[in-house]
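Return atomic coordinates for the entry below.
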Amino acid sequence: MKPLSALLLAGLLAIAPGCSGEAAPTSDSGATDALDPSGPASLGTTSLGGPTTLHAFEGRLVSAQPTEAELKAGAERGLASVVNFRRPSEAVDFDERAAVEAAGMDYVAVPWNGVEELDDALLDRGRELLRDLPRPALFHCKSGNRVGPMWIAWRVLDEGADFEAAEKEARAMGLSTDAYVERVRRYVDERAR
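Here you go, the predicted model:
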């Protein structure tokens, strides 16, 4: 049997750039496994063998709603945590919490939708999860749109990225609501003071 690290490396698709090098730091160590908690150090894409594209950066993966099979494949490849930003009323055809926990991963639900719910406490929580959750960690909503504001806040305030570069990354991952960008810009400006 191959060691886990070899299986992880052999099992992933090649990582293709998701946006320009200025959006995220580049790695001088070459290509790394997208599910490796320490890499890749530039934004790329991968999959878990299903239709959902995952955007990967240093063991943080962002996607639209994954399938049950993709979550199981992620667990088999070492995925440690799953964060779901969808509301319970946004039905999927399986019990995500049960599937994630049965596969031995941590599951965190932070349900929200709409700019009126995008307050400082929610952005603080998103940053905390992106910063501190065991990795590799998958962050998702229906399309990646709700992960975007959290991503921007974390990249700018915790990682020192330029706001426009962080926004570009978030848009590549599925952020599409301009009001979320305006709200997170105010949050970042207030926190940066």
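
burial of A170, as a residue count?
By other CB atoms under 10 Å, 28 other residues sit near A170. Using the backbone N, CA and C atoms, a C-beta is placed for each residue, glycine as well.

Quick check: it touching W151?
Yes - contact status for A170 versus W151: in contact at 4.6 Å, counting by CB atoms under 8 Å.

got a list of contacts for stretch 68-83?
4, 7-8, 11-12, 35, 37, 47-50, 52, 61, 66, 93-94, 96, 99-100, 103-110, 129, 133-140 (CB atoms under 8 Å, 6 or more residues apart in numbering).

change it to 6 Å
With contact meaning CB atoms under 6 Å, 6 or more residues apart in numbering, stretch 68-83 is reached by 8, 11, 35, 48-50, 52, 94, 99-100, 103, 105-108, 129, 133-134, 136-139.

Quick check: G44 vs L35, distance?
The gap separating G44 from L35 is 12 Å, by CB to CB, to the nearest Å.

Give the intersection of the neighbour lists for those two.
Common neighbours of G44 and L35 (criterion: CB under 6 Å, 6+ apart): none identified.

which of the two has more neighbours?
L35 (25 against 22).

Is it correct that that one is in contact with P136?
Yes - counting by CB atoms under 6 Å, L35 touches P136, with 4.5 Å between them.

buried ones in the helix ranked longest in the chain?
Secondary structure of the chain per DSSP state H: the longest helix is helix 178-192. For helix 178-192, a neighbour-count test (16 or more other CB atoms under 10 Å) marks 180-181, 183-185, 187-188 as buried.

Appreciated, that's everything.
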